[in-house]
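Peer 1: with the sequence up front, the predicted model follows.
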Amino acid sequence: MGVVYRAYDELLHRDVAVKVVNKGAGPDLTPRGNLLNEARASSSLGHPNICTIHEVGETEGEFFIVMELVKGKSLREIRGDTGLSPESVLRYGVQLSSALARAHDHGIVHRDLKSANVVITLEGMVKVLDFGLAKRMEGGVLEGPTRSFAGVQETSGVSGTLPYMAPEILRGEPADYRSDLWALGVVLYEAACRRPPFTGQTGFEISSTIMREPPAPLGPPVPPGLWAVIQRCLTKEPLQRYQRASEIQAALEAVQSAAIVSSPPSPDASQPTLMLHSVRHVHVRKGDVLLLVGTTKGAFILRSNRQRKRWEVGGPYFHGHAVYALAYDARAGRRRIWAADLPLW
């Protein structure tokens, strides 16, 4: 369909991303329409967890969108081989559901929420990308949505990416807010254990599993409260799911609060886990003052000069982990921090 460039805004002196549609993308204007959909949907939302649109334009027959440059990795990339910690899943899930709540409040259904469309910034903030399939509930489709099946354009009448499609979409029913909530459940499930909840060797097998099979249960270390939220998102019938993204956000925040107020493990019961994180992007100069702060959700670095009149804050690092001890390591110029998830004394 097109390509995304990293560019520099010479007027406002900032790095941006520029998405451009290929001139030979197809015989019709569908790719251009998709890009316009994305611009209209995203620019109307104004939410910290949704990628910001700066400008839309056309030059020499090429249509483009200038948007916020999001530095980070997709949720699909960072979940690793074993999945994320429950604390991280909760942290990102709260932000994701907040972004969907804003979109739904504006009458917009994303319709292609997936792990690859969720980027985690260097500061640990969720950014939802790609509203190219977005649909307004009040007035129908914005303009020419793609009709894709497992990421390939077809004429099947369904939109999205197959492993994240809700059963009602596969039955030929229109997508609504609850279809996004199903996709959020799939994203949270994948984040917690790395594998998708519904699998198969072919598209037909995946579709059959989505329509008929329950997801495999998630045991420890996934807490029962988080599993209950994911289960309800993945209920086959839309009426039995959460009805609003704000309900999911409240449920995840309740699970978070329960984890925070619970007593931390005794240091005698287990040995602390040491964790390492590079902070090469933190520009520490000779004579600077560093303040390392550990919390139940991660670690922060505060840096200032000798006068200590102004502090720069970096983090959170070790997202979602309780941090009880911290040390800055500048040996050999590597600039990194060590952390422990239990007291060291």
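Peer 2: The structure has been received and is ready for your questions.
Peer 1: counting by contacts, list what the helix or strand harbouring Val16 packs against.
Peer 2: Following DSSP states H and E, one finds Val16 within strand 14-21. Other helices and strands packing on strand 14-21, by 3 or more C-beta pairs under 8 Å, 6 or more residues apart in numbering; DSSP states H and E, are strand 2-9, helix 30-43, strand 62-68. For the C-beta atoms, the positions are set from N, CA and C on the backbone; glycine is no exception.
Peer 1: contacting residues around the residue nearest the centre of the chain?
Peer 2: Most central in the chain under C-alpha atoms, centre = their mean is Val118, positioned 3.2 Å from the mean C-alpha point. Residues near Val118 by C-beta atoms under 8 Å, 6 or more residues apart in numbering: Ser74, Leu75, Arg76, Tyr92, Leu96, Val126, Lys127, Val128, Leu129, Val187.
Peer 1: mind listing what the fifth one touches?
Peer 2: Put plainly, it is Leu96. Asn49, Leu113, Val118, Val126, Val128, Leu184, Val187, Leu188.
Peer 1: mind doing that once more with 6 Å?
Peer 2: Val126 (C-beta atoms under 6 Å, 6 or more residues apart in numbering).
Peer 1: what of the third one?
Peer 2: Shown in contact with Arg76 (C-beta under 6 Å, 6+ apart): Ser115, Ala116.
Peer 1: mind checking which helix or strand it is in?
Peer 2: Counting by DSSP H and E, the element that carries Arg76 is helix 75-78.
Peer 1: in strands only, show me the contacts of Val118.
Peer 2: Using DSSP state E, the subset of the contacts of Val118 located in strands is Ser74, Val126, Lys127, Val128.
Peer 1: from those, which is closest to Ala103?
Peer 2: Lowest distance from Ala103 to these (C-beta to C-beta) belongs to Val128, with 8.1 Å.
Peer 1: now the closest one: how far from Trp182?
Peer 2: Using C-beta to C-beta, to the nearest Å, Val128 is found at 16 Å from Trp182.
Peer 1: got the ones in strands among the contacts of Val118 as JSON lines, with pLDDT, distance to Lys19 and neighbour count columns?
Peer 2: Listed next are those as JSON lines, based on pLDDT from 0 to 100; distance: C-beta to C-beta, whole Å; neighbours: other C-beta atoms under 10 Å:
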{"residue": "Ser74", "pLDDT": "92", "distance to Lys19": "16", "neighbour count": "17"}
{"residue": "Val126", "pLDDT": "94", "distance to Lys19": "20", "neighbour count": "22"}
{"residue": "Lys127", "pLDDT": "94", "distance to Lys19": "15", "neighbour count": "22"}
{"residue": "Val128", "pLDDT": "92", "distance to Lys19": "15", "neighbour count": "24"}
